[in-house]
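1. okay, here's the prediction I keep looking at, along with the sequence it came from:
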Amino acid sequence: MELTINHTLRNFDVLPKTLEALIAMELPEKKKGIAVALNSRIIPQSFWAETILNNQDSILIITATQGG
């Protein structure tokens, strides 16, 4: 199965079931400052646990950084 994450095609033996599971895999140490779009639609963090992922979905993950 495959997902496109931040414009990079990624193959998975077993696709993460939810958006929350994917974020936990991709950014295990980061809990805040994350924005996610699924198939060009922004998904609020309160919906990550119930947002089911499907083969060939496109996910954009943006993280906040400090600096100035």
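-> Now that the structure is in, tell me what you want to look at.
2. for residue 4, which non-adjacent residue is spatially closest?
-> If you skip the residues right next to it in sequence, residue 4 has residue 58 as its closest partner in space, 4.4 Å away by C-beta to C-beta, 6 or more residues apart in numbering. The way it works is simple: take the backbone N, C-alpha and C, and place the C-beta from them, glycine included.
3. give the contact list for the one you found.
-> 3-4, 38-40 (C-beta atoms under 8 Å, 6 or more residues apart in numbering).
4. which of the residues you listed fall in strands?
-> Assignment to strands by DSSP state E places the following of those there: 3-4, 38.
5. which one of those is nearest to residue 14?
-> Ranked by distance to residue 14 (C-beta to C-beta), the ones in strands among the contacts of residue 58 are led by residue 3 at 11.8 Å.
6. could you count how many residues lie near that closest one?
-> 20 (other C-beta atoms under 10 Å).
7. show me what contacts it?
-> Residue 3 makes contacts with 9-10, 12, 15, 22, 53, 55-59, as judged by C-beta under 8 Å, 6+ apart.
8. pLDDT score for residue 24?
-> Reading off the confidence values, residue 24 has pLDDT 94.
9. what do you get for the one 3 residues further on?
-> Among the per-residue scores, residue 27 holds a pLDDT of 92.
10. now it: how far from residue 52?
-> Counting by C-beta to C-beta, to the nearest Å, the gap between residue 27 and residue 52 amounts to 19 Å.
11. now residue 42
-> Relative to residue 52, and taking C-beta to C-beta, residue 42 is found at 17 Å.
12. ok, now residue 19?
-> Taking C-beta to C-beta as the measure, residue 19 falls 8 Å from residue 52.
13. same thing with residue 32?
-> From residue 32 across to residue 52, the span is 24 Å (C-beta to C-beta).
14. neighbours of residue 29, how many?
-> Neighbourhood size, residue 29 [other C-beta under 10 Å]: 4.
15. tell me the SS of it?
-> Local secondary structure at residue 29 is given as coil here, using DSSP: H, G, I helix; E, B strand; the rest coil.
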